[in-house]
Each structure stands twice: as C-alpha cells, then as structure tokens.
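Chemist: the amino acid sequence is not available; the structure is as follows:
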Ligand SMILES: [Zn+2]
C-alpha cells in the first residue's frame, strides 16, 4: 500500500550533516507459517519496511545531471597519467590508472551524436521491484572517445548491433536514479517518448 506523507522518511543535508526527518522504520505484524499437512508451526514471516539513506558521494553530479537532461561523465586530466584524456561512462570518481580524482565533464552532445549499440539482451522476466515495462531491452552502448561501455535500456525501437541511439532523460519528474536515463533509436519523435521523458 502506498505510504502517506506521515509514513515517509525525508533527509536534508544542513551544515554538512545529514538531518533525517519523519519515519524510517514501519513495524508490521508478522504471520505464522503452518505446515498444512501436519498442522505444526514451521516458522514466521518477517515483514520489514525501512527507508535506506543511500549517499551518492562523488557520483551525485551524474544523477543530478540526468534530471536536467545532461549526461555527465568523468575524465582523467592528470598530466602524469598514461590514460590522460580517457572518458569514463559509467561515471568513475577516480581514474583506475593513476587513482587521482577524475574531472566531471558534460558528454551530452557526444552521446547524442555518437552513441551506438555494442550488444543487447531482451529480458521477458524481471526480478523483484522491477519498474521498467517488459520485455526490457537492455543495451550496451559505445560512445566515440569513451573507453568504457554503458549499460542502459532501449525505451523505443528494436535493438540491433551498431544501431545509432540517442539518450532521453526523465526531466519532468526526476527520480534521481539510473532509470532517469534511457535510450531510443535515432529518429524517434518526441511524442513517442515515455511519460516524463525529453531529449
Ligand atoms: Zn589517470
């Protein structure tokens, strides 16, 4: 059952500290598990409802960018690093070669002009808490000049190797999670995008 505002937990950061407000644990009655053949007790259910605080730390610019229609990446700009200039998408806070902190860059235009499908898999059965429409078309995406491959979801169109795709963003009511970013095949019209998404 959806929670009311009084049953939710909210968090702000004030003066550098997390300030939780509201309800983070909702107790619920457990139920017995009986063996129907013997009538004997076999165990109990253990309902748990808790709100977890997931800190994004150095990855926060990536998730904040999605809601603004921006795909942020990370790039090593250390002169002493052999991998200098490497762009990482998925976002990596630190360069895996020199371990220095990467620079945050905006690769939205690069993604719009060079993204293509490297490989894909279509999933008809999902795990618990899935929020994506099924079947889910998972795609691995290549971008020019990016040294890593990004996994995402193709929201409109059929996946094919090397097919050009473009990113779309949940800018109307962002969730600040990875599902705010999806892709569609190049040439998709704005009216075919999922609810809340824009180019
Ligand atoms: Zn480096």
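Modeler: Arrived safely, thanks for sending. What you see is a predicted model; the values in this text were computed from it and never measured. Numbers count the residues shown, from 1 in each chain.
Chemist: looking at this, residue 119 is in a helix?
Modeler: No. If the criterion is DSSP: H, G, I helix; E, B strand; the rest coil, then residue 119 is strand and not within a helix.
Chemist: residues touching it, list them.
Modeler: Counting by C-beta atoms under 8 Å, 6 or more residues apart in numbering, residue 119 touches 139, 140, 161. The way it works is simple: take the backbone N, C-alpha and C, and place the C-beta from them, glycine included.
Chemist: residue at max distance from the center of the chain?
Modeler: Most distant from the centre of the chain: residue 38, at 46.7 Å, with distances by C-alpha atoms, centre = their mean.
Chemist: that one: which element?
Modeler: Assessed by DSSP states H and E, residue 38 sits outside every helix and strand.
Chemist: kindly report the same for residue 130.
Modeler: Residue 130 belongs to no helix or strand when assigned by DSSP H and E.
Chemist: pull out the buried residues from the contacts of residue 119.
Modeler: residue 139 (16 or more other C-beta atoms under 10 Å).
Chemist: phi, psi of the spatially most central residue of the chain?
Modeler: Residue closest to the average C-alpha location in the chain (C-alpha atoms, centre = their mean): residue 178, at 1.4 Å. The phi/psi pair for residue 178 (degrees, to the nearest 10) reads phi -70, psi -20.
Chemist: just give me the closest of the contacts of residue 119 to residue 154.
Modeler: residue 139 (4.9 Å; C-beta to C-beta).
Chemist: follow-up on the earlier one: narrow the contacts of residue 119 to those in helices?
Modeler: Assigned to helices by DSSP state H, none of these qualify.
Chemist: turn the contacts of residue 119 into CSV, columns for pLDDT and distance to the ion.
Modeler: Formatted as CSV, the contacts of residue 119 follow (pLDDT from 0 to 100; distance: C-beta to the ion, whole Å):
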residue, pLDDT, distance to the ion
139, 98, 28
140, 98, 24
161, 98, 31
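Chemist: can I get the contacts of residue 119 in CSV including distance to residue 87?
Modeler: Converted to CSV, the contacts of residue 119 look like this (distance: C-beta to C-beta, whole Å):
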residue, distance to residue 87
139, 19
140, 16
161, 22
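Chemist: could you pick out which of the contacts of residue 119 are located in strands?
Modeler: 139, 140 (DSSP state E).
Chemist: okay, the residue nearest to the centre of the chain and residue 161: tell me how far apart.
Modeler: Distance of residue 178 to residue 161, given as C-beta to C-beta, to the nearest Å: 23 Å.
Chemist: residue 124 now?
Modeler: 20 Å.
Chemist: residue 173 now?
Modeler: Applying C-beta to C-beta, the value for residue 173 to residue 161 is 34 Å.
Chemist: go on, residue 127?
Modeler: From residue 127 over to residue 161 (counting by C-beta to C-beta), the distance is 26 Å.
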